[in-house]
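> Sequence first, predicted coordinates after that:
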Amino acid sequence: MIGVWYCDHPRMLEVGVRVARGPDWKWGQQDDGEGHVGTVVEIGKPGSSTSPDKTVVVQWDSGSRTNYRVGYQGAYDLRVVDNAPAGKPPSNIWFLENY
């Protein structure tokens, strides 16, 4: 079974983390539809006009790539997906609640 967690601390996300659409998703089929996953490829930085703080860039498995809110404007477009065999969340990510 795949575990999915809502991440409330965007600074703890890192490149390589697998994600799926989250509670504030409003981007149609950019992810190729509900249940599809992607990989964080860039972390937003303060002062950046293309990837501001509290955003991340995701490369979706379907091929598209864009940035999403992970606390920006109080919204969370993504959920962290853990597909580890033991079902334990990665130790480097802070989770607010389990689903």
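It's in.
> low pLDDT regions in the protein?
1-12, 83-99 (pLDDT under 70).
> quick one: Ser62 from Gly35, how far?
12 Å (C-beta to C-beta, to the nearest Å). To be clear about C-beta, it is placed using only N, CA and C from the backbone, and glycine gets the same treatment.
> The two - which one has more neighbours?
Legend: neighbour count by other C-beta atoms under 10 Å for Ser62 and Gly35, higher for Ser62 (14 against 9).
> from what I can see that one touches Asp31, true?
Yes. Here Ser62 reaches Asp31: they are 7.1 Å apart, a contact under C-beta atoms under 8 Å.
> Spit out the residues that contact these two alike.
Common neighbours of Ser62 and Asp31 (criterion: C-beta atoms under 8 Å, 6 or more residues apart in numbering): Gly38.
> mind checking the SS state of Val56?
strand (DSSP: H, G, I helix; E, B strand; the rest coil).
> what sits against it?
Contact analysis of Val56 by C-beta under 8 Å, 6+ apart lists Pro10, Leu13, Val19, Val40, Glu42, Ile43, Gly44, Asn67, Tyr68, Val70, Leu78.
> before we move on, what about Thr50?
So, once contact is read as C-beta under 8 Å, 6+ apart, Thr50 ends up touching Asn67.
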